[in-house]
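Engineer: Sequence and predicted structure are below.
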Amino acid sequence: MISFLGYAMRRALRNMKGNLFPNLTTIAVIGISLLIFLSFSLIAFNLTALLKIWEEKFEVIAYLKRGTSLGEVEGLLKQIRQLDGVETVNYISPFDAMAFMESRLGRQKNVLEGIQPAILPSSIEIRLKKDYWGETKIDEVISHLKGISQIEEIQYGQEWIETFSVLVHLVRLTQWILGGLLLAAIIFIVSNTLQLTISSRREEIEAMQMVGANPAFIQVPFYMEGLIQGLLGAGMAMGLLFLLYKVVLITITPLMKGWMVGLPILFLPWETITWILSGGMVLGLFGSFVASMRFLRYGR
């Protein structure tokens, strides 16, 4: 069995060398097609990770009216903690808010010179339990907060998060629709390239059939050839995607220091990379199977 697979591999490599240009073209087309699909996958992966980070940091911010005393604040915190769905409550003084702004601005914090903390309102950050992130339950909490006279304004990003979530779903939908079209194209290209290879060796294959060669002895090298094409194409796509990722990372990182600090740009995990390489091999194998079936039909 091992010797037969060794023969099949050598034969496949010899076939590819003998039809070098069509094979290189096929590998390049597979690589570019998968690169387009993987680019959408990487974007969707990072948007999903970003959405999870924002969801984990989801908070309701209640701004207090000016003149609210610290004694009243203590009572407010106790009252808000008793509301259904509230997980944590944190009071932010004007001085805390100013310190936060300075830390976010970094070297540009000099723009705050001359600004007194007193102009900033006090606020209460309210983190809800995950079960209360839905629109209906959040509205219940918000309605209770609006009934508190010391609260002047309430802000929360639920609507924005839901809009962003829709964007993530649209990217994923585009990814799979485009992916389906590209995968069909890959199978078509691989099968047609191998059909050319089979046709160029038709006389040799017919002679092998006449002397009673086992069908697997004839077909397996072609299967191996398609498998190699798929693997090389997927590897090429992954290499180009990683190069593109590095270029984008180098370009965006300076910008992230200002307004996206702490939000990483991730590459695909190893499990996904393994699945992509395996998927490329399966696609190439399936394309070679289709080409082989065409030949068997023509050979009847």
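Structural biologist: Ah, there it is.
Engineer: Could you give me the buried positions within stretch 230-250?
Structural biologist: 230-238, 240-241, 245 (16 or more other Cβ atoms under 10 Å). For every residue, glycine as well, the C-beta is placed using N, CA and C.
Engineer: Tell me which two in these are the farthest apart.
Structural biologist: Between any two of the buried residues of stretch 230-250, the greatest separation by Cβ to Cβ is 22.1 Å, found for 230 and 245.
Engineer: Redo the buried residues of stretch 230-250 as a markdown table? Include distance to residue 149 and pLDDT.
Structural biologist: Converted to a markdown table, those look like this (distance: Cβ to Cβ, whole Å; pLDDT from 0 to 100):
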| residue | distance to residue 149 | pLDDT |
| --- | --- | --- |
| 230 | 68 | 88 |
| 231 | 68 | 92 |
| 232 | 70 | 93 |
| 233 | 66 | 91 |
| 234 | 63 | 92 |
| 235 | 65 | 94 |
| 236 | 65 | 94 |
| 237 | 61 | 93 |
| 238 | 59 | 94 |
| 240 | 60 | 94 |
| 241 | 56 | 93 |
| 245 | 52 | 89 |
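Engineer: how does this protein divide up, domain by domain?
Structural biologist: 2-54+162-299, 59-156 (automatic domain parsing).
Engineer: most neighbours per residue, which of these?
Structural biologist: Of the domains of the chain, the one with the most neighbours on average (mean count of other Cβ atoms under 10 Å) is domain 2-54+162-299, at a mean of 16.
Engineer: From the chain's centre, how far out is it? Work that out for me.
Structural biologist: 18 Å (Cα atoms, centre = their mean, to the nearest Å).
Engineer: before we move on, what about stretch 83-101?
Structural biologist: 33 Å.
Engineer: Repeat that for stretch 43-59.
Structural biologist: 11 Å.
Engineer: what mean pLDDT does that stretch have?
Structural biologist: Mean per-residue pLDDT for stretch 43-59: 75.
Engineer: where does residue 280 land on pLDDT?
Structural biologist: Taking residue 280 on its own, its pLDDT is 87.
Engineer: With residue 112 instead?
Structural biologist: 67.
Engineer: and what of the one 5 residues further on?
Structural biologist: Predicted confidence (pLDDT) at residue 117: the value is 72.
Engineer: In the sheet, which strands lie alongside the strand or helix carrying residue 90, parallel or antiparallel?
Structural biologist: Residue 90 belongs to strand 86-92 when assigned by DSSP states H and E. Strand pairing for strand 86-92, using DSSP bridges, gives strand 123-128 (antiparallel).
Engineer: residues making contact with the strand it pairs with?
Structural biologist: The set of residues external to strand 123-128 that reach it, using Cβ atoms under 8 Å, 6 or more residues apart in numbering, is 58-64, 73, 76-77, 80, 85-92, 97, 137-138, 141, 145, 151.
Engineer: I'd like to know the average pLDDT value across that strand.
Structural biologist: Across strand 123-128, the per-residue pLDDT values average to 84.
Engineer: so residue 152 is in which element?
Structural biologist: Counting by DSSP H and E, residue 152 is found in strand 151-156.
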